[in-house]
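Chemist: Structure, please.
(one chain, ligands or ions: 3)
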Amino acid sequence: MLNTINSPADLRQLPRTQLKPLADELRAFILDSVSKTGGHLSSNLGTVELTIALHYVFNTPEDRIVWDVGHQTYPHKILTGRRDQMSTLRQLDGISGFPRRVESEHDTFGTAHSSTSISAALGMALAAKTKGEDRHAIAVIGDGAMTAGMAFEAMNNAGICEDVNLLVILNDNDMSISPPVGALNRYLARLMSGQFYAKAKNVGKSMLPGPVLELAKRFEEHAKGMIVPATMFEEFGFNYIGPIDGHDLDSLIPTLQNLKNLKGPQFLHVVTKKGQGYKLAEADPVLYHGPGKFNPAEGIKPAAASKQTYTQVFGEWLCDMAAQDKTLVGITPAMREGSGMVRFEQKFPDRYYDVGIAEQHAVTFAAGMACEGLKPVVAIYSTFMQRAYDQLIHDVALQNLDVTFALDRAGLVGADGATHAGNYDLAFLRCIPNMVVMAASDENECRRMLTTAFEYKGPASVRYPRGSGSGVAVEKTLTAIPLGKGEVRREGKGIAILAFGTMVAPALAAGDKLNATVANMRFIKPLDVELVKQLAAGHDALVTVEEGCIMGGAGAAVAEALAEAGIVKPILHLGLPDRFIDHGDAAQLLAKCGLDSDGIAASIVQRFGKDQPRLVVNNG
Ligand SMILES: Cc1ncc(C[n+]2csc(CCOP(=O)(O)OP(=O)(O)O)c2C)c(N)n1
Ligand SMILES: CC(=O)[C@@H](O)[C@H](O)COP(=O)(O)O
Ligand SMILES: [Mg+2]
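Modeler: Ligands and ions are numbered 1, 2, ... in the order given. Model (predicted):
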């Protein structure tokens with residue numbers, strides 16, 4: 001049946017009785033497809049029925065669905081004409097793992113960073129009202145995403161928009177990537193268990209005099225608001241419905257049909273299960289949150305021991321440093337597994353803080369702890385650090401507080417694409433006063449830099465990429481490196497390549513090809529200005545290389561230092577171009593950006609000519 005559905009219009013032709021078999025087919029298709037490509041599995045198995053029901057009841061794409069995070073949109077992609085493209089998911093030139101406006105008219109809003117859906121849907125709903133258009137805007141948000149401040153900023157705004165056509169659906173599967181945290185989660189658990197109404201009703205009834213109790217019994221459903229406290233969503237100005245079973249089409253469809261006819265901000269609470277229908281994912285939704293390829297009959301097998309990832313290097317360093325320094329506290333905004341903090345939580349539960357999807361809070365929370373003499377380490381993906389930029393400047397750096405930032409997933413991340421690429425941190429961190437900014441060139445240097453950052457009395461960051469490095473041995477000691485000192489790794493002639501972080505290895509290979517000098521600059525800030533001057537004095541031209549945006553990045557710091565010193569020298573900046581880079585294999589993407597050794601060498605030859613040290617300088 002799935003083969004006959006090429007758009008939601010086809011879906012809406014089906015009789016209701018066919019929807020359940022369709023859901024079974026769709027779920028099997030997703031499991032098969034994701035097991036071959038890798039991707040987000042558990043969340044997508046959980047949204048099969050909800051997706052069918054939404055497209056069945058609403059007139060999509062005229063009615064707008066905004067999927068929060070968007071990692072749960074595979075059923076939506078399949079039902080909106082992209083079934084055959086699922087085999088290209090998250091690969092170079094294939095379809096994205098997230099909704100993208102350029103990909104389909106059904107992807108009404110690009111998402112991937114969480115908790116934006118209510119704001120965007122409210123914007124759409126009010127735009128429709130302003131333009132006199134009669135359409136619905138629906139935000140589908142998970143219980144994890146609901147913990148972010150942005151979601152509540154939007155609820156606060158939406159709750160006073162009395163006649164707006166907005167429906168917020170809370171997809172509550174009692175999971176973030178890892179088990180959910182915080183008071184909201186406890187509250188939702190109470191709502192789901194029914195205790196909320198049961199307890200409140202009893203309290204209410206025991207306080208009511210006889211005749212009023214009778215009246216309350218008669219009008220129990222309607223009088224709910226009189227004798228039970230409203231849910232917090234009602235207090236926000238929404239009409240709250242739920243919780244209902246999000247896998248039961250016979251509940252979902254009539255409920256959505258009813259809600260469709262109501263005006264004003266509506267809130268539907270649906271309960272689903274992450275991994276629904278695939279026993280292994282139901283049992284371990286964390287493992288199946290974003291797996292690589294696997295055999296569905298066998299499930300994910302433990303990978304044969306391979307090279308340590310940078311994330312693991314960080315996780316081990318964190319435990320070692322915590323054992324040595326009792327003031328260390330570790331903070332993650334909902335990325336325990338991804339940031340390598342599982343063992344830290346087990347060993348140091350009292351010093352581990354998962355604050356939920358709340359990057360802004362994570363940073364200011366760290367600032368507060370630092371004020372009291374603790375030494376917080378905020379483990380955060382480079383891309384999610386973007387969320388907490390003002391908190392970093394205003395709450396941490398301005399007060400020169402002692403917070404270490406471990407920036408994972410720096411540079412291109414591969415399959416998640418442009419939304420998750422950590423391309424901007426060097427540029428946005430180095431302009432902040434008091435910051436120390438480092439980029440690790442290998443795993444051992446990563447460990448040393450983390451120690452350096454931790455020992456530094458002020459805000460300091462270390463960036464490292466997704467995955468593993470060259471596999472160098474990582475020492476057990478906790479040794480710092482001298483602040484602001486780079487090192488020459490290869491002596492050559494004519495050209496000096498000033499490489500930052502992950503670009504040191506390909507720069508060394510390019511240096512071998514061209515007999516160029518190669519320096520591992522290590523620090524973006526404080527930049528090793530003496531080394532820059534020395535390299536400028538001894539070479540005909542300088543080349544900077546970084547896995548970050550060229551504009552404002554590490555190379556720009558070198559150019560600024562030269563200008564400051566009054567040195568005029570031909571300089572070539574290599575790095576990520578001024579455009580967003582889509583998903584694909586990370587090594588493939590780097591090569592396309594000219595950031596592998598061949599690309600670096602080719603750019604140097606193209607700019608300065610082949611025969612060292614003769615320079616072909618085009619622009620002075
Ligand atoms: C701002 C931001 N921080 C962190 C993440 C990483 N992340 C992606 S999905 C997810 C969990 C989301 O949980 P929930 O909204 O409940 O969706 P579920 O996976 O349970 O369907 C997290 C933390 C993100 N995408 N955006
Ligand atoms: C959707 C989301 O934001 C996360 O699930 C992310 O895809 C995880 O990325 P890593 O696989 O790099 O941890
Ligand atoms: Mg969830």
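Chemist: residues contacting the nearest residue to residue 567 once chain neighbours are set aside?
Modeler: Excluding its sequence neighbours, the residue lying closest to residue 567 (CB to CB, 6 or more residues apart in numbering) is residue 536, at 5.1 Å. C-beta coordinates here come from the backbone N, C-alpha and C atoms, glycine included. Counting by CB atoms under 8 Å, 6 or more residues apart in numbering, residue 536 touches 496, 542, 562, 567, 569.
Chemist: where's the residue of the stretch 501-620 of the chain found nearest ligand 3 relative to ligand 2, distance?
Modeler: Going by CB to the ion, ligand 3 is nearest to residue 583 of the stretch 501-620 of the chain, at 23.0 Å. Per CB to the nearest ligand atom, to the nearest Å, residue 583 is found 11 Å from ligand 2.
Chemist: Kindly report the residues of the chain close to ligand 2.
Modeler: Within the chain, the positions lying close to ligand 2 (CB under 6 Å from any ligand atom) are 69, 71, 177, 290, 338, 409, 413, 416, 466.
Chemist: List only buried entries from the residues you listed.
Modeler: Burial by neighbour count, 16 or more other CB atoms under 10 Å: within those this picks out 69, 71, 177, 290, 338, 409, 413, 416, 466.
Chemist: Validate this expectation: the residue nearest to residue 567 resides in a strand.
Modeler: No - looking at residue 536 with DSSP: H, G, I helix; E, B strand; the rest coil, it is helix, so not inside a strand.
Chemist: Which pLDDT value goes with it?
Modeler: pLDDT for residue 536: 98.
Chemist: go on, residue 303?
Modeler: Value listed for residue 303 in the pLDDT field: 82.
Chemist: what's the answer for residue 505, then?
Modeler: pLDDT at residue 505 comes out at 98.
Chemist: would you list the buried ones among the residues of the chain next to ligand 2 in JSON lines and tack on pLDDT?
Modeler: As requested, these are exported to JSON lines (pLDDT from 0 to 100):
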{"residue": "69", "pLDDT": "98"}
{"residue": "71", "pLDDT": "98"}
{"residue": "177", "pLDDT": "97"}
{"residue": "290", "pLDDT": "97"}
{"residue": "338", "pLDDT": "98"}
{"residue": "409", "pLDDT": "98"}
{"residue": "413", "pLDDT": "98"}
{"residue": "416", "pLDDT": "98"}
{"residue": "466", "pLDDT": "98"}
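Chemist: Ligand 3 contacts on the stretch 101-250 of the chain?
Modeler: 142, 143, 144, 173, 175 (CB under 5 Å from the ion).
Chemist: Against residue 549, how distant is the closest residue to the second one other than its chain neighbours?
Modeler: Put plainly, it is residue 143. Spatially, and ignoring its direct neighbours in sequence, residue 143 is nearest to residue 172 (4.5 Å; CB to CB, 6+ apart). Distance, residue 172 to residue 549, using CB to CB, to the nearest Å: 38 Å.
Chemist: Wait, the residue of the stretch 501-620 of the chain closest to ligand 3 touches residue 412, no?
Modeler: No - the pair residue 583 / residue 412 is not scored as a contact, 9.6 Å apart, by CB atoms under 8 Å.
Chemist: ok, these two, which is more surrounded?
Modeler: Shown here are residue 583 and residue 412; by other CB atoms under 10 Å, residue 412 has more neighbours (30 against 27).
Chemist: What does the pLDDT read for the more buried one?
Modeler: 98.
Chemist: give the contact list for it.
Modeler: 421, 423, 547, 576, 581, 586, 589, 590, 593.
Chemist: I'd like those laid out as CSV, including neighbour count and pLDDT.
Modeler: Shown next, in CSV, are the contacts of residue 412 (neighbours: other CB atoms under 10 Å; pLDDT from 0 to 100):
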residue, neighbour count, pLDDT
421, 27, 98
423, 25, 98
547, 29, 98
576, 24, 98
581, 17, 97
586, 19, 97
589, 21, 98
590, 22, 98
593, 17, 98
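Chemist: Which of those fall within strands?
Modeler: Of the positions in those, 547, 576 sit in strands, assigned by DSSP state E.
Chemist: So the closest residue to ligand 1 within the stretch 151-300 of the chain versus residue 146, what's the distance?
Modeler: In the stretch 151-300 of the chain, the residue that lies nearest ligand 1 is residue 176 (4.1 Å; CB to the nearest ligand atom). To residue 146, residue 176 is 10 Å away according to CB to CB.
Chemist: And residue 296, by the same measure?
Modeler: Distance from residue 296 to residue 146, by CB to CB: 30 Å.
Chemist: ok, now residue 604?
Modeler: For residue 604 relative to residue 146 (CB to CB), the value is 50 Å.
Chemist: So which bits of the helix or strand residue 157 falls within are buried?
Modeler: Secondary structure from DSSP states H and E places residue 157 in helix 149-158. Neighbour counts using 16+ other CB under 10 Å place 150, 151, 152, 154, 155, 157, 158 of helix 149-158 among the buried residues.
Chemist: for the spatially closest residue to residue 381 that is not a sequence neighbour, what are its contacts?
Modeler: Distance criterion CB to CB, 6+ apart; nearest residue to residue 381, sequence neighbours excluded, is residue 409 at 4.2 Å. Contacts for residue 409 (CB under 8 Å, 6+ apart) come out as 338, 381, 382, 383, 420, 422, 465, 466.
Chemist: for residue 169, helix, strand, or coil?
Modeler: Per three-state DSSP, residue 169 ends up strand.
Chemist: Would you map the helices across the stretch 301-450 of the chain?
Modeler: 310-324, 342-347, 359-371, 382-385, 389-390, 425-430, 443-455 (DSSP state H, counting those that start in this stretch).
Chemist: Next, format the ones you listed as CSV and append distance to ligand 1 and mean pLDDT.
Modeler: Converted to CSV, the helices of the stretch 301-450 of the chain look like this (distance: least, CB to the nearest ligand atom, whole Å; pLDDT from 0 to 100):
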stretch, distance to ligand 1, mean pLDDT
helix 310-324, 14, 98
helix 342-347, 15, 98
helix 359-371, 6, 98
helix 382-385, 5, 98
helix 389-390, 13, 98
helix 425-430, 15, 98
helix 443-455, 22, 98
